[in-house]
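Participant: The following block contains a protein sequence and its predicted model.
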Amino acid sequence: MSNGISNAFRDIGRAIRINFDNNLFAATLIVTYSAIDAMAFLSMPANQREVRKPDFINWVESYMQTDSNQPYQYQGIDLYGARCGIIHSYGATSRLSDSSSCKVFNYHNGNEHIYNPEIHEDLVAISIQRFINDFFRAMRKFLRDALRNESLRQRVENRINHLFIISEV
């Protein structure tokens, strides 16, 4: 794979980590959800020009996993609803959550996701640290798949230059 791909993935990871390390948690989440959108863009079908809701959901369902001992396991629609809330209104709710189509996330700086459907079926407290680490793992798995799958690799290579990258002059 090209240097452009490794540079893009590195830059995404650095942006997330720098925000997290500086306690800029909303910025951490915004960049992480934007990065998931970018991964969905890279992997969307070859004949598409724009990423769509199903592409985001499919990428999450294929790559985002957390430890099996966590009380909440990622669902594509839940992450999409959370993405819409924070990206479009800097909030926790979205049209999807308002229509009870997905769970609502709130976030905390602990190590474990907190979810008890007996107390509140539609509310999950997401550990930001775990979420970004799970995303980093998902991004590595996606990159490995792109190295092994010729069709995916070509899509990634053809689209990588569309990602936001700052070059040194």
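Facilitator: Sure, I can see it.
Participant: so how far is the first residue of stretch 60-74 from its last?
Facilitator: 8 Å (CA to CA, to the nearest Å).
Participant: Mind listing what's buried along it?
Facilitator: Neighbour counts over stretch 60-74 (16 or more other CB atoms under 10 Å) mark V60, S62, Y63, M64, T66, Q70, Y72, Y74 as buried. (C-beta placed from N, C-alpha, C; glycine too.)
Participant: can you check stretch 134-142 too?
Facilitator: D134, F135, F136, A138, M139, F142.
Participant: Output these as JSON lines; include the columns pLDDT.
Facilitator: Listed next are the buried residues of stretch 134-142 as JSON lines, based on pLDDT from 0 to 100:
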{"residue": "D134", "pLDDT": "98"}
{"residue": "F135", "pLDDT": "98"}
{"residue": "F136", "pLDDT": "97"}
{"residue": "A138", "pLDDT": "98"}
{"residue": "M139", "pLDDT": "96"}
{"residue": "F142", "pLDDT": "96"}
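Participant: element containing the most centrally placed residue in the chain?
Facilitator: The chain has I36 as the residue nearest its centroid, 3.2 Å off, counting by CA atoms, centre = their mean. Assigned by DSSP states H and E, I36 belongs to helix 25-43.
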